[in-house]
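Participant: structure of the sequence below:
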Amino acid sequence: MSSIFVGCQPIYNSDLVVHAFELLFRGGAGSHASFTDGDHATAAVIINVFTEIGLDNIVGEYPAFINVTRNFILNHHAMSLPRDRVVLEVLEDIQPDPQIIDALQMLSSQGYTIALDDFVYSRQMEPLIDIADIIKVELPAIEDSDLPRHVELLRRSKAKLLAEKIETYEQFEFCRELGFDLYQGYFLSKPRIVRGKSTSTGSLTAVKLVGQLSDPAVAVDDLVKTMRTDPSLCYKLMKYINSAAGGHTQPVDSLSAAITCIGLRRLQSFTILTTFAMGTGRRPIQLIVTTLTRGRMCELLSIAQGKGRPDMYFLAGLFSMLDALLDQPMQQILSAVPLAESISSAILDSEGPLSDILTCVLNYETGNFDAVDLPDVDADGIRTAYLEAVKWATRSATSISQQD
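Facilitator: Coordinates of the predicted model:
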């Protein structure tokens, strides 16, 4: 499990009361960004914040400014973000061509707040000015003598003006005299670096999923078949659904239910962003094999018993290994995902309708054969389920280990 870092810099109003925070990509614990690919930086911030660290843990109830690239806007990935929690910060290198203008107008009409980053006025940028809710004026790029004219021109729009990259007290006072609405910069506060842990995700699994989702006629069962081979991707999806971005608080008891809950369009955005944001951290191959074996064996035994919903048993087995896979307490892990109570009870307390099969699998796995017992399934049936599960898990885990 590798460390992840997100920069968080406050934005203040004229009374120096916090108004919002900007979330910034950080490749390490230093205070500066280190990236060359804007798409990767945007994706990394979103995935790390919404599926790993948690938006509320970083910004509380305040809005979060997030930089968005041209590709992010045109591919409609903004739809994966909660409109009441984020401000979409349009990067300064995005030109106001008809495609961008149409996409931003659509986002604005759907309730998203649009900000223009590192802005310097020019006539060709007026179509963006007309859409913007907030304009971040880049102080270092404008001469002090020209700043009043800039403010006068931009005041013709409905947008609030934000003075960014304020480095000195004199700059702050000058901007306040000019009537800026919001303020940001090292003079007021340097970015705070928030650190978290990233779960590894198989790139081949995610890429395959993106390809499947490009087919409008894709079956949910086919998506489940792909996702189930990657425990970390399943976990990320569950956390995303239960995050501010997912906006879902009801328990989920299977991957198919999770996919139905999020919808194919948002699942595609989530998967693409996960692919962009992927790190290189890896867990031991045998740990992944054991995780997948447990999930598959639970599923096969539920089928042998004639139980309904074998997918629930698969998820119970899969998630019962996440504490080892993610290096976190199980209680903390399960509190972050909207699992059905029957699954959580089986994992945490060995109770409920799923617990008999999960307990049987755990006993078999640890060689406690005297305690291996399951109604309507004899010893040969249990052994066969185990061997089939190992074969499937080894094949799937080997595929994951060969990615990147």
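Participant: which phi and psi does the residue nearest to P140 when sequence neighbours are not counted have?
Facilitator: Once flanking residues are discounted, P140 sits nearest to K165: 5.5 Å by Cβ to Cβ, 6 or more residues apart in numbering. For glycine as for every other residue, the C-beta is placed from the backbone atoms N, C-alpha and C. Main-chain dihedrals, K165, degrees, to the nearest 10: phi 60, psi 40.
Participant: which residues touch K165?
Facilitator: 138-140, 184-186 (Cβ atoms under 8 Å, 6 or more residues apart in numbering).
Participant: what about those, which are in helices?
Facilitator: Under the assignment DSSP state H, those contribute nothing to helices.
Participant: got those as CSV, with distance to L161 and neighbour count columns?
Facilitator: Shown next, in CSV, are those (distance: Cβ to Cβ, whole Å; neighbours: other Cβ atoms under 10 Å):
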residue, distance to L161, neighbour count
E138, 12, 16
L139, 12, 23
P140, 16, 11
Q184, 12, 23
G185, 14, 21
Y186, 19, 13
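Participant: let's have these in JSON lines, adding distance to I47 and pLDDT.
Facilitator: Converted to JSON lines, the contacts of K165 look like this (distance: Cβ to Cβ, whole Å; pLDDT from 0 to 100):
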{"residue": "E138", "distance to I47": "28", "pLDDT": "90"}
{"residue": "L139", "distance to I47": "31", "pLDDT": "92"}
{"residue": "P140", "distance to I47": "31", "pLDDT": "90"}
{"residue": "Q184", "distance to I47": "24", "pLDDT": "93"}
{"residue": "G185", "distance to I47": "27", "pLDDT": "89"}
{"residue": "Y186", "distance to I47": "27", "pLDDT": "86"}
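Participant: right, and out of these, which lies closest to I241?
Facilitator: Nearest to I241 out of the contacts of K165 is Q184 (Cβ to Cβ; 32.0 Å).
Participant: torsion angles phi and psi at the closest one?
Facilitator: Dihedral pair for Q184: phi -150, psi 140, per degrees, to the nearest 10.
Participant: and the residue nearest to P140, how far from Q171?
Facilitator: 9 Å (Cβ to Cβ, to the nearest Å).
Participant: now do the shared contacts for the two.
Facilitator: 139, 185.
Participant: tell me the helix or strand right after the one helix or strand L348 maps to.
Facilitator: Applying DSSP states H and E as the criterion places L348 in helix 341-349. Later in the chain than helix 341-349, the nearest helix or strand by DSSP H and E is helix 355-365.
Participant: counting by contacts, list what that next one packs against.
Facilitator: helix 285-304, helix 310-319, helix 341-349, helix 379-401 (3 or more Cβ pairs under 8 Å, 6 or more residues apart in numbering; DSSP states H and E).
Participant: tell me which of the ones you listed sits most buried.
Facilitator: For those, the largest average neighbour count (mean count of other Cβ atoms under 10 Å) is found in helix 310-319, namely a mean of 25.
Participant: what's the average pLDDT for that helix?
Facilitator: Mean pLDDT, computed over helix 310-319, is 86.
Participant: quick check: angle from it to helix 379-401?
Facilitator: Going by axes from the mean of the first three to the mean of the last three Cα atoms, to 10 degrees, helix 310-319 is angled at 60 degrees with respect to helix 379-401.
Participant: now for helix 310-319, which elements pack on it?
Facilitator: helix 231-241, helix 255-262, helix 285-304, helix 341-349, helix 355-365.
Participant: export that helix as CSV, just CAs?
Facilitator: Extracted in CSV, the C-alpha atoms of helix 310-319 (Å, rounded to 0.1, in the frame of the first residue of the first chain):
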residue,chain,number,x,y,z
PRO,A,310,-24.5,-16.4,-4.4
ASP,A,311,-23.1,-12.9,-5.3
MET,A,312,-23.6,-11.8,-1.6
TYR,A,313,-21.5,-14.8,-0.4
PHE,A,314,-18.8,-13.9,-2.9
LEU,A,315,-18.7,-10.3,-1.6
ALA,A,316,-18.6,-11.5,2.0
GLY,A,317,-15.7,-13.7,1.4
LEU,A,318,-13.9,-11.1,-0.7
PHE,A,319,-14.3,-8.3,1.9
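Participant: and that helix with helix 255-262, angle?
Facilitator: 90 degrees.
Participant: let me see the domain layout of the protein.
Facilitator: 2-196, 200-404 (automatic domain parsing).
Participant: ranking the ones you listed by mean pLDDT, which is last?
Facilitator: The bottom spot among the domains of the chain, by mean pLDDT, belongs to domain 200-404, with a mean of 79.
Participant: where's the spatially most central residue of the chain relative to L334, distance?
Facilitator: With distances taken as Cα atoms, centre = their mean, I47 lies nearest the centre of the chain, 2.8 Å away. Going from I47 to L334 by Cβ to Cβ gives 20 Å.
Participant: again, but for I73
Facilitator: 35 Å.
Participant: hang on, the earlier thing: so which of the helices and strands packed on helix 355-365 comes closest to L128?
Facilitator: helix 379-401 (42.6 Å).
Participant: ok, and what's touching the closest one?
Facilitator: 202, 204-205, 229-230, 282, 285, 288-294, 296-297, 300-301, 304, 360, 364, 372, 374, 377.
Participant: where exactly do the strands run in the stretch 51-200 of the chain?
Facilitator: 64-68, 86-90, 113-119, 134-138, 160-164, 182-183, 192-198 (DSSP state E, counting those that start in this stretch).
Participant: need those strands in CSV (columns: distance to Y12).
Facilitator: Putting the strands of the stretch 51-200 of the chain into CSV (distance: least, Cβ to Cβ, whole Å) gives the following:
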stretch, distance to Y12
strand 64-68, 13
strand 86-90, 15
strand 113-119, 15
strand 134-138, 13
strand 160-164, 10
strand 182-183, 5
strand 192-198, 14
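Participant: which residues are in contact with the spatially closest residue to F319 that is not a sequence neighbour?
Facilitator: The spatially closest residue to F319, leaving aside those adjacent along the chain, is I347, at 6.2 Å (Cβ to Cβ, 6+ apart). By Cβ under 8 Å, 6+ apart, the contact set of I347 is 316, 319-320, 330, 334, 358.
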